[in-house]
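J.: Could you work out the structure for the sequence below:
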Amino acid sequence: EAKGFRLIPWVGIGYANRFKHESVIRSESPTLNAGLLTAIRLSNRVDLNFEAQGSLLQEHFNRVQEGHTSDGILQLTAGLTFKLGKSNFEVLEPMDYALLNDLNGQINNLRAENQELAKRPKSCPECPEPVAPVVTNNVVDNVVYFRLNSAKVDKNQQINIYNTSEFVKEYGTAVKVIGYADKKTGTSNYNLKLSEKRARAVAKELMDKYGISSDKITIEWKGSDEQPYNENNWNRVVIMRAEK
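T.: Residues are numbered from 1 along each chain as shown. Next up, the predicted model:
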């Protein structure tokens, strides 16, 4: 298939029937069919089609016995195809596999730590009783990761925004939305603007999709001069910080 032109060969089997009409007897036969279809793109909505089709049938099908092993039928057709409605495919953005690999690595590390912790004894007679710390402030951080050079919130990041909105609604607290960009991509000035776009995109989701009032949201952007994570790709991020 070339751009604006398609060539489609096909084969198949079928069944042919000629109905009885007055003194003409009925005849029928299995068929072996093959053809070649071409389609030429004239515009986004119109194709010009040509098709050559041949069929092999049993010799008696045409009701004339000539001693052949089979009869053949050849057809040539031409026509136009009109596309209605949406004429273009929606382009899907590829997933950021580097980010996925990083997150999978985090999950695997946590699983390994859990396995090591499971090997500890259930009780430790020599250990002193733990004293619960006094918690004076409960800080909840949630993150939204972005693709390279993008300020669009992906669908798979919506759950983090939803969880933050539920926390804000439950405790009536405010949330700080802080945008970042990775240091290894782009200039400092460009990354500062990109981190602002990311922060504002997340704040807009909190307000428009999850009903958080604008007076509950503070927006900041740090660009790439400040990096919250050691892994470069992780810094394509917005951190949502809520306190109660």
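J.: all contacts plus neighbour counts: C-alpha atoms, from now on.
T.: Noted.
J.: As PDB, could you dump the C-alpha coordinates of the helix or strand that E166 is a member of?
T.: In this assignment (DSSP states H and E), E166 forms part of helix 158-171. Extracted C-alpha coordinates of helix 158-171, given in PDB (Å, rounded to 0.1, in the frame of the first residue of the first chain):
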ATOM      1  CA  GLN A 158      -5.800  11.300  36.500                       C
ATOM      2  CA  ILE A 159      -6.100   8.900  39.500                       C
ATOM      3  CA  ASN A 160      -3.400  11.000  41.400                       C
ATOM      4  CA  ILE A 161      -5.300  14.200  40.800                       C
ATOM      5  CA  TYR A 162      -8.500  12.600  41.900                       C
ATOM      6  CA  ASN A 163      -6.900  11.300  45.100                       C
ATOM      7  CA  THR A 164      -5.600  14.800  45.900                       C
ATOM      8  CA  SER A 165      -9.000  16.400  45.200                       C
ATOM      9  CA  GLU A 166     -10.700  13.900  47.600                       C
ATOM     10  CA  PHE A 167      -8.200  14.700  50.300                       C
ATOM     11  CA  VAL A 168      -8.800  18.400  49.900                       C
ATOM     12  CA  LYS A 169     -12.600  17.900  50.000                       C
ATOM     13  CA  GLU A 170     -12.400  15.700  53.100                       C
ATOM     14  CA  TYR A 171     -10.200  17.900  55.200                       C
END
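J.: got the buried residues for that helix?
T.: The neighbour-count check on helix 158-171 (16 or more other Cα atoms under 10 Å) flags Q158, I161, T164, S165, F167, V168, K169 as buried.
J.: Beyond the lowest-mean-pLDDT helix or strand in the chain, next helix or strand please.
T.: Ranked by mean pLDDT, DSSP states H and E, the weakest helix or strand in the chain is helix 97-118, scoring a mean of 75. Per DSSP H and E, the first helix or strand lying C-terminal to helix 97-118 is strand 139-145.
J.: Tell me the helices and strands packed up against that next one.
T.: Applying 3 or more Cα pairs under 8 Å, 6 or more residues apart in numbering; DSSP states H and E, we find strand 139-145 packed against helix 158-171, strand 237-243.
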